[in-house]
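Peer 1: pasting a predicted model and its sequence here:
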Amino acid sequence: LPSTKGLIPVLSNLAVREDTRGKGVGSELCKRCEDAAKEWGFMEILLLVEEQNMAARKLYQKLGYQEMFTQSQDTVRPARAESGDGLKTEPVSIVAMAKSMQ
């Protein structure tokens, strides 16, 4: 995070099962996280989303999140079964998005 941000809650690892997408579950999860952050006295919340995850970015924009910056970072993914490894690390482009809750 930029050093100017200070302490800020981060909505992390939000996932909705594929067969329940489009039914408001993601929106409700975000709202509950935002409500908890407000109860703790915060007026802003941050999240990170992979740049190519357009469905999630569209949802977050609809909910009032604004893109702050994009950066590359390593992420861990399942490796192919034939490689013999369980996990692999690869670089991905991440978009930081924030929402003011004032």
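Peer 2: Thanks, I have it.
Peer 1: all helices for this protein, in order.
Peer 2: Remark: helices assigned in the chain by DSSP state H are 25-39, 54-62.
Peer 1: can you list the low-confidence ranges for the protein?
Peer 2: Residues of the chain meeting the criterion pLDDT under 70: 1-5, 81-85.
Peer 1: which residues touch Gln71?
Peer 2: By C-beta atoms under 8 Å, 6 or more residues apart in numbering, the contact set of Gln71 is Ser93, Ile94, Ala96. Using the backbone N, CA and C atoms, a C-beta is placed for each residue, glycine as well.
Peer 1: please redo it, this time with the cut-off set to 7 Å
Peer 2: When contacts are counted by C-beta atoms under 7 Å, 6 or more residues apart in numbering, Gln71 is found next to Ile94.
Peer 1: buried stuff in stretch 45-60?
Peer 2: Ile45, Leu46, Leu47, Leu48, Val49, Ala56, Arg57, Leu59, Tyr60 (16 or more other C-beta atoms under 10 Å).
Peer 1: the last one contacts Ala98, correct?
Peer 2: No: between Tyr60 and Ala98 there is no contact under C-beta atoms under 7 Å: 9.8 Å.
Peer 1: circling back to that earlier point, make TSV from the helices of the chain and add distance to Gln71 to it.
Peer 2: Shown next, in TSV, are those (distance: least, C-beta to C-beta, whole Å):
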stretch	distance to Gln71
helix 25-39	22
helix 54-62	15
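Peer 1: show me where this protein has its strands.
Peer 2: Using DSSP state E, the strands found in the chain span residues 10-11, 44-50, 66-78, 87-100.
Peer 1: distance to Gly26 added to these, as a markdown table?
Peer 2: Shown next, in a markdown table, are the strands of the chain (distance: least, C-beta to C-beta, whole Å):
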| stretch | distance to Gly26 |
| --- | --- |
| strand 10-11 | 11 |
| strand 44-50 | 11 |
| strand 66-78 | 18 |
| strand 87-100 | 14 |
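Peer 1: so which of these comes closest to Arg32?
Peer 2: strand 10-11 (10.0 Å; C-beta to C-beta).
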